[in-house]
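Peer 1: quick one, fold the following:
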Amino acid sequence: MSGAPQVALPRWIDIGLLPIINLIQALLVAGLVVLVIGVNPLEAMRIMAWGVVQDSVSISYTLYYATDFVFTGLAVAVAFHAGLFNIGGEGQAYIAGLGVTLAMLALDQYLPGFLLIPIALVAAIVFGAGWALIPAYLQAYRGSHIVITTIMFNFIAASLMVYVASDILRPPGEMVPSSREFAPSADLLHVHDVLNWLGFDVPSTPLNLSILWAAVCCIFVWVFIWRTRWGYAIRAVGLSPKAAIYAGISPKRVIMIAMCLSGALASGVALNQIIGYHHHLLLDFVAGAGFTGIAVALMGRNHPVGIVLAAILFGALYQGGAELSFEIPTINRDMVVAMQGLIIMFSGALAYMNRPWIARLYLLFNRRAVLAEAT
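Peer 2: The predicted model follows:
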């Protein structure tokens, strides 16, 4: 336990090899759990893998789930670069859904879709960023810990949405707490519609053009964090607030900007779910994507490329897990969630568990390579 864990590892190890090892360990532990209940782990893995790639529908569902995880993963990553652990993406995406819904209910009878959808997106961004602004202010100017405030704001958002959906937006005579259906012109175009227009016969799936917005957000985050002055300020505060102050950077301002941007990125979940799929507000449409985004960001090392790869992995786990619970009744949905939780634990909480012995091996082989070159 000397200096090995702190050695600077090559990026192919830190970003590539370590997450793969974490994933393999999680799958091994999940395999043991499956074995305990009397199911062949190899058969279970085969069913999960086949459930992801067996046809275009399975691939589309994987990408549909992954789209949400890209948004929430980016949201966690931006805050993390500023030294903030934003675990409020769930609530920020939830409140962004309220912004989308209010914009749609107010304007869907009057405006065409090409105007409605940008307005709804702006509303989602404003509501998501606004919900993140309050914990940011409490952290920057009142010293409240961002982890505590974002956790509590998740619960506040859930309670608020129950009240709004049940007592304010629910149509008369309806029992389900939800808003009315949006006008057909407010529907976000689906990928299968585009492919069918291009001559490809593709079945209907929930995958919609919000995946393009996710790609735009990835490019934006990469440019903003690594190619702009504000991105430099965010990374400077995240690495050393005292050094940032010495360089003339205000940590308070950086906290406000990073958290608002984080909430704005999380709002993409509302675009994918409410406009792209459900076409009305319903309770719990986020479905844990905000919490999964934490593991996605950690596994992707807070870089857009890594986040995309990790999001696709978790999307595959969701899709493959649904296929597994359907094919093997012994493995119910709760068991699949437990397997996903193991992967989240190894990719998130235990992300750097393997780094010490990997660092020692790297130093050992690197030393041998240096000696071989010297001789």
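Peer 1: so where's the stretch 201-350 of the chain uncertain?
Peer 2: 348-349 (pLDDT under 70).
Peer 1: which parts of it are helices?
Peer 2: 210-227, 229-239, 241-246, 251-266, 268-270, 289-299, 304-327, 333-344 (DSSP state H, counting those that start in this stretch).
Peer 1: right, and those helices - which one's nearest I125?
Peer 2: helix 251-266 (4.5 Å; CB to CB). In this view, the C-beta of every residue, glycine as well, is placed from N, C-alpha and C.
Peer 1: so that closest one versus helix 210-227, what angle?
Peer 2: 160 degrees (axes from the mean of the first three to the mean of the last three CA atoms, to 10 degrees).
Peer 1: need the phi and psi values for H190.
Peer 2: Torsion angles at H190 (phi, psi; degrees, to the nearest 10) stand at phi -90, psi 150.
Peer 1: same check on the one 4 residues further on?
Peer 2: When quoted as degrees, to the nearest 10, the phi and psi of V194 stand at phi -60, psi -40.
Peer 1: burial of it, as a residue count?
Peer 2: By other CB atoms under 10 Å, 13 other residues sit near V194.
Peer 1: who touches it in this structure?
Peer 2: L209 (CB atoms under 8 Å, 6 or more residues apart in numbering).
Peer 1: check what pLDDT it gets.
Peer 2: The confidence metric pLDDT takes the value 90 at V194.
Peer 1: quick revisit: most tightly surrounded among the helices of the stretch 201-350 of the chain?
Peer 2: Across those, averaging neighbours per residue (mean count of other CB atoms under 10 Å) puts helix 268-270 on top, at a mean of 32.
Peer 1: for stretch 220-233, list the C-alpha coordinates in PDB.
Peer 2: Extracted in PDB, the C-alpha atoms of stretch 220-233 (Å, rounded to 0.1, in the frame of the first residue of the first chain):
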ATOM      1  CA  PHE A 220     -21.500  20.100 -26.100                       C
ATOM      2  CA  VAL A 221     -20.200  18.700 -22.800                       C
ATOM      3  CA  TRP A 222     -16.900  17.700 -24.500                       C
ATOM      4  CA  VAL A 223     -16.400  21.100 -26.000                       C
ATOM      5  CA  PHE A 224     -17.600  23.000 -22.900                       C
ATOM      6  CA  ILE A 225     -15.500  21.100 -20.300                       C
ATOM      7  CA  TRP A 226     -12.300  20.700 -22.300                       C
ATOM      8  CA  ARG A 227     -12.300  23.600 -24.800                       C
ATOM      9  CA  THR A 228     -13.800  26.600 -23.100                       C
ATOM     10  CA  ARG A 229     -12.800  29.100 -20.400                       C
ATOM     11  CA  TRP A 230     -15.800  28.100 -18.200                       C
ATOM     12  CA  GLY A 231     -14.900  24.400 -18.600                       C
ATOM     13  CA  TYR A 232     -11.400  25.200 -17.400                       C
ATOM     14  CA  ALA A 233     -12.800  27.100 -14.400                       C
END
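Peer 1: hmm, who's touching it?
Peer 2: So stretch 220-233 is contacted by 74, 77-78, 81, 234-235, 244, 249, 254, 257, 261, 265, 303-304 (CB under 8 Å, 6+ apart).
Peer 1: check which helices and strands the helix or strand harbouring A77 is in contact with.
Peer 2: Taking DSSP states H and E as the criterion, A77 maps to helix 56-81. Contacts defined by 3 or more CB pairs under 8 Å, 6 or more residues apart in numbering; DSSP states H and E place helix 56-81 against helix 41-53, helix 89-107, helix 210-227, helix 229-239, helix 251-266, helix 268-270, helix 289-299, helix 304-327.
Peer 1: can you give me the buried ones in that helix?
Peer 2: In terms of neighbour count (16 or more other CB atoms under 10 Å), helix 56-81 has its buried residues at 56, 58-81.
Peer 1: and what of stretch 41-51?
Peer 2: Buried-residue list, stretch 41-51, by 16+ other CB under 10 Å: P41, A44, M45, I47, M48, G51.
Peer 1: need those residues in CSV (columns: distance to W213).
Peer 2: What follows is the buried residues of stretch 41-51, written out as CSV (distance: CB to CB, whole Å):
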residue, distance to W213
P41, 38
A44, 35
M45, 33
I47, 32
M48, 28
G51, 27
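Peer 1: closest one to A310 out of those, please.
Peer 2: M48 (16.9 Å).
Peer 1: does that closest one touch A322 like I think?
Peer 2: No: taking contacts as CB atoms under 8 Å, M48 lies outside contact range of A322: 9.5 Å.
Peer 1: just confirm I211 contacts D68, I think it does.
Peer 2: No: the pair I211 and D68 fails to qualify as a contact (CB under 8 Å) at a distance of 10.2 Å.
Peer 1: okay, and the common contacts of the two?
Peer 2: N272.
Peer 1: returning to what we had before: I87 is nearest to which of the helices of the stretch 201-350 of the chain?
Peer 2: The nearest among the helices of the stretch 201-350 of the chain, by CB to CB, is helix 289-299 at 6.0 Å.
Peer 1: what is that closest one packed up against?
Peer 2: helix 18-36, helix 56-81, helix 89-107, helix 304-327, helix 333-344.
Peer 1: turn the helices and strands packed on helix 56-81 into a markdown table, columns for distance to L160.
Peer 2: Output for the helices and strands packed on helix 56-81, formatted as a markdown table (distance: least, CB to CB, whole Å):
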| stretch | distance to L160 |
| --- | --- |
| helix 41-53 | 36 |
| helix 89-107 | 7 |
| helix 210-227 | 24 |
| helix 229-239 | 29 |
| helix 251-266 | 15 |
| helix 268-270 | 15 |
| helix 289-299 | 15 |
| helix 304-327 | 27 |
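Peer 1: looking at those helices, which is nearest to P171?
Peer 2: helix 89-107 (10.6 Å).
Peer 1: sort out which residues of that closest one are buried, please.
Peer 2: 89-105, 107.
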